[in-house]
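Fold the following, please.
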Amino acid sequence: MQANKKILLCLALATGGVLRASVTETSHVPAAVGYYIAVRASINGPDEIDVFGASNLPPGSELTVDVSDFIGEGSQSLNQEVTVRVGPEGLFRFRVRPQKGKAFRRNLPCLISFQPTYPQQPEKVLSIVGRMGEHLGNPWENPQLDGNPRVKTLQALTPVQ
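As a prediction, this is how the structure comes out:
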């Protein structure tokens, strides 16, 4: 009888420890991701897309857009080159036009990017994010961060609706 009580006590303690560890691990709340770009792209016809978004990048940050025919190797850019500045409240809005002989349609991938090296960013922006984007954060903690070992980029991908 005494042995059974000891076994039950050991099981209770072991189970309680496992349950406590499980609750602690699953209740972890991840930290904020840092910088972000949130965007919506709406088609206004075959010759125009309206892009509206928000970002917590420094005001004056220059963003680029690329509307492609599909995602992957061999895809082609359909839009004329365009950049937009993040406004003082963190908002941006602009219209995208197709290249000559190309047309837009729904469900095209629209990629909005911030790169510290292209286009040329204002000095005030670079002093905050770093000349190579080194202050943008950690790609393992922010799913919008990309780039290479030398330069980090912040990107948001959305379908044209």
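
from here on, contacts and neighbour counts on C-alpha atoms
Noted.

Could you report the pLDDT at the residue most central in space within the chain?
Nearest residue to the geometric centre of the chain (C-alpha atoms, centre = their mean): Gln144, 2.6 Å. Gln144 carries a pLDDT score of 94 in this model.

and stretch 65-76, which residues are buried?
Under the neighbour-count criterion of 16 or more other C-alpha atoms under 10 Å, stretch 65-76 has 65-69 buried.

partners of the helix or strand harbouring Pro159, with directions?
Secondary structure from DSSP states H and E places Pro159 in strand 152-159. In the sheet, strand 152-159 lines up against strand 109-114 (antiparallel), strand 145-147 (antiparallel) (DSSP bridges).

so how far is that strand from its chain's centroid?
How far strand 152-159 lies from its chain's middle: 5 Å, per C-alpha atoms, centre = their mean, to the nearest Å.

Could I have the CA atoms of it written out in CSV?
As requested, the backbone C-alpha atoms of strand 152-159 are provided in CSV (Å, rounded to 0.1, in the frame of the first residue of the first chain):
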residue,chain,number,x,y,z
LYS,A,152,17.8,43.2,-46.1
THR,A,153,14.6,44.1,-47.8
LEU,A,154,11.0,44.3,-46.5
GLN,A,155,8.3,42.9,-48.8
ALA,A,156,4.5,42.4,-48.9
LEU,A,157,2.8,40.3,-51.5
THR,A,158,-0.9,40.6,-52.3
PRO,A,159,-3.1,39.4,-55.1
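
Now do the helix or strand where Ser42 lies against strand 152-159: the angle between them, please.
Taking DSSP H and E as the criterion, Ser42 maps to strand 37-45. Computed by axes from the mean of the first three to the mean of the last three C-alpha atoms, to 10 degrees, the angle separating strand 37-45 from strand 152-159 equals 40 degrees.

Keeping just the C-alphas, turn stretch 109-123 into CSV.
Taking C-alpha atoms only, stretch 109-123 is exported to CSV below (Å, rounded to 0.1, in the frame of the first residue of the first chain):
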residue,chain,number,x,y,z
PRO,A,109,0.7,38.9,-57.8
CYS,A,110,1.6,42.4,-56.6
LEU,A,111,4.8,42.8,-54.6
ILE,A,112,5.5,46.0,-52.7
SER,A,113,9.2,46.3,-51.6
PHE,A,114,11.4,48.5,-49.4
GLN,A,115,15.1,48.3,-50.1
PRO,A,116,17.6,50.6,-48.5
THR,A,117,19.7,50.5,-51.6
TYR,A,118,17.1,51.0,-54.4
PRO,A,119,15.6,53.4,-55.1
GLN,A,120,17.8,55.9,-53.4
GLN,A,121,16.4,56.4,-49.9
PRO,A,122,16.5,59.8,-48.0
GLU,A,123,19.3,60.1,-45.5
